[in-house]
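Asks: This is the structure alone, sequence omitted:
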């Protein structure tokens with residue numbers, strides 16, 4: 001049972017996640033997963049159901065952050081409809097397919113989730129650190145080939161379903177580090193894909209039967225995700241405004257710092 005302090009913590013985490021979503025284009029999922037690991041334990045959710053709880057509620061919170069962040073990007077005239085559309089189609093298909101296997105079968109345990117999470121984020125962090133050290137701003141481009149966005153969506157959809165991070169931690173490095181798209185455009189595209197992808201997956205998690213919790217909508221827990229969502233809605237536009245004022249190098253460094261904190265938490269869960 002949650003108390004007033006829990007609701008304040010969840011609201012504050014939503015505020016932080018909202019700022020990160022707008023600033024980094026990653027949907028705030030790194031904060032969502034971080035805080036939801038604690039509340040899964042507090043609510044007594046065990047084993048495979050714990051993974052489903054973390055994934056479903058994180059993606060649902062990301063829906064709110066990405067919607068409000070994208071609205072702000074549109075207001076700033078920094079939204080790229082063609083790139084977002086191409087990426088979204090394959091992202092939704094891949095995300096729903098993988099999410100369905102997680103919900104239907106018992107293969108994705110807490111340990112496997114944590115290990116996969118740590119490995120992927122560690123590799124991405126190493127890549128980002130190398131990029132920051134070697135960064136030459138003259139080498140980044142305003143556009144990349146349109147054919148690159150469909151495979152990007154496929155990768156992001158799979159990764160999002162397996163981690164609950166919304167896919168931004170794949171999309172931003174894919175576009176900016178590997179294909180040298182300017183990071184502010186990359187974060188805008190990443191943020192624009194996530195409302196559509198996470199909405200589809202959230203509906204799936206809501207409709208899937210969960211007999212272990214009478215208070216849940218499937219695997220979505222309103223008492224957890226609503227205070228997070230309120231914080232997100234208030235603060236996501238702030239993150240977008242900050243992104244327009246902060247240098248690309250500082251955005252990358254902020255990304256790396258946050259991911260390292262989350263990796264440390266996930267390691268503590270399996271030791």
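Replies: Here it is on my side, so go on. It should be emphasised that the depicted structure is a prediction, and the values quoted were computed from it without experimental measurement.
Asks: what's around residue 55, how many residues?
Replies: By other Cβ atoms under 10 Å, the residues close to residue 55 number 28. Where you see a C-beta, it was placed from the backbone N, CA and C, and this is true even at glycine.
Asks: Likewise for residue 86?
Replies: When neighbours are counted by other Cβ under 10 Å, residue 86 registers 20.
Asks: again with residue 1
Replies: Neighbouring residues of residue 1 were enumerated by other Cβ under 10 Å; the total is 7.
Asks: again, but for residue 261
Replies: 11.
Asks: Stretch 191-210: which residues count as buried?
Replies: Across stretch 191-210, burial judged by 16 or more other Cβ atoms under 10 Å covers 191-202, 204-205, 208, 210.
Asks: Just the ones of those residues in helices?
Replies: Judged by DSSP state H, the subset of those located in helices is 191-202, 204-205.
Asks: which residues touch the helix or strand where residue 173 lies?
Replies: Assigned by DSSP states H and E, residue 173 belongs to helix 168-173. Identification of contacts with helix 168-173 by Cβ atoms under 8 Å, 6 or more residues apart in numbering yields 21, 24-27, 29-30, 87, 120-121, 124, 127-128, 152, 155-156, 159-160, 163, 183, 186-187, 189-191, 193-194, 255, 259.
Asks: any idea of the mean pLDDT in the one helix or strand residue 224 maps to?
Replies: Element membership for residue 224, per DSSP H and E: helix 222-243. Mean pLDDT, helix 222-243: 86.
Asks: Which other helices and strands does that helix contact?
Replies: Helix 222-243 sits against helix 4-24, helix 29-42, helix 47-75, helix 183-207, with contacts defined as 3 or more Cβ pairs under 8 Å, 6 or more residues apart in numbering; DSSP states H and E.
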